[in-house]
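**Student:** model the structure of this input:
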Amino acid sequence: MKTLTAALGYLLLSATVVADAQSPPTSPANSHVHRYLVERTFPASALDGLDAALKAKVNANNAKYRVHWVMSYANAAKTKTYCIYEGPSEVAIRKAATANALPVDSITEVPVTLLPK
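**Tutor:** Below you'll find the model as predicted:
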């Protein structure tokens, strides 16, 4: 099951994700999974080496903490990222970040989904 979870996470991250506005993510209030926004600051050009192999390694480490990287947004300079994660707790998100040697500026739980329509 852990291998399947990691493989699915890898497939989601390596493909282009198109969100369906009619199908919001599972409500964290109805499960043991919580959704978080993680803000990170990177040195210039640090994200240039982000390839499929590195994403797979990040996903494998995340799986150890039952953390799932949903998607990330970056500024034009690629020095700030805003990442959506799902996991059991903020502590688990922080442990996964530490295991992946990723910086964490802030973590905010975002349990409410607001859709434009």
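
**Student:** wasn't Leu115 part of a helix?
**Tutor:** No. According to DSSP: H, G, I helix; E, B strand; the rest coil, Leu115 belongs to no helix; its state is coil.

**Student:** ok, it - how many residues close by?
**Tutor:** Using other Cβ atoms under 10 Å, Leu115 is surrounded by 9 other residues. The way it works is simple: take the backbone N, C-alpha and C, and place the C-beta from them, glycine included.

**Student:** so how far is His34 from it?
**Tutor:** According to Cβ to Cβ, to the nearest Å, Leu115 and His34 sit 19 Å apart.

**Student:** again with Ile93
**Tutor:** Distance of Ile93 to His34, given as Cβ to Cβ: 9 Å.

**Student:** those two: which has the busier surroundings?
**Tutor:** Set side by side, Ile93 and His34 show more neighbours around Ile93, with 24 against 18, by other Cβ under 10 Å.

**Student:** need the pLDDT of the more buried one.
**Tutor:** At Ile93, the pLDDT value in this model is 98.

**Student:** could you say which helix or strand holds it?
**Tutor:** According to DSSP states H and E, Ile93 maps onto helix 90-99.

**Student:** neighbouring strands - and their directions - for whatever helix or strand comes next after that helix?
**Tutor:** Remark: after helix 90-99, the chain's next helix or strand is strand 106-109, criterion DSSP H and E. Sheet pairing for strand 106-109, assigned by DSSP bridges, gives strand 34-41 (antiparallel).
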